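>>> return a 3D structure for these sequence lines:
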Amino acid sequence: QQVLIESLVLLQWAQDYFAGVGPSLVPSSAAQAARMRIIISRFDSGIVSAWYKLLRAKEEGEVASLLSDLSRELDWVEGQMDGKGPFLLGPNPTLADAACAPWLLRKFVVQHWRGIDMLAGRPKLQAWLEHYKSLPEVQATFQPPEGKSWEEAMKEGYAKYAEGVVLDFSKLQAK
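Alright, predicted model coming up:
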């Protein structure tokens, strides 16, 4: 039995495994499907990466640079929204929603640890996220430990990043 890891791989696996069961999360138009993949790729490489770095950053200059990067990427994603909503690419959910929403749902972690509201001034992303979060299928995935809210559990879970406990080996080179 193979163990699968990485959320983007798991999303594609679920799409493939459940093909033909319910609506597809990949747009039927090849152009829209490609657009969806571009959004997912750029979100993962730009926003997710900056999100973690921002939590670990300790110097004001580094934080300012990361905020600039994060803002540019969030503005780009908001610019990709077609406005026909309520989802990122229009009236139907896609893998882009499933890939991007979990990270933006964690926006309160950055706000708690760094005092930064990632979605301030981005009304389309805010409206999309509120709609997405309200879906019963999404609500069913919030399973915090007993006695804690989902937000409390996430703040605690990311404390090690924000407090600098996580070891960063990114500067080491393989020999």
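>>> what about the lowest-mean-pLDDT helix or strand in the chain, distance to the chain center?
The helix or strand of the chain with the poorest confidence is helix 159-162; it has a mean of 86 (mean pLDDT, DSSP states H and E). Relative to its parent chain, helix 159-162 has a centroid offset of 18 Å by CA atoms, centre = their mean, to the nearest Å.
>>> next one: phi and psi at F87?
Backbone torsions of F87, given as degrees, to the nearest 10, read phi -100, psi 170.
>>> please, which helix or strand holds the most centrally placed residue in the chain?
Centroid-nearest residue in the chain: W103, 2.5 Å away (criterion: CA atoms, centre = their mean). Counting by DSSP states H and E, the element that carries W103 is helix 95-104.
>>> which other helices and strands contact the least confident helix or strand of the chain?
helix 49-56, helix 107-114 (3 or more CB pairs under 8 Å, 6 or more residues apart in numbering; DSSP states H and E). For the C-beta atoms, the positions are set from N, CA and C on the backbone; glycine is no exception.
>>> now the very next helix or strand once past the first one against helix 107-114, angle please.
With elements assigned by DSSP H and E, the helix or strand that comes after helix 49-56 is helix 60-80. The directions of helix 60-80 and helix 107-114 differ by 160 degrees, with axes from the mean of the first three to the mean of the last three CA atoms, to 10 degrees as the criterion.
>>> averaged pLDDT, helix 60-80. What do you get?
Mean per-residue pLDDT for helix 60-80: 92.
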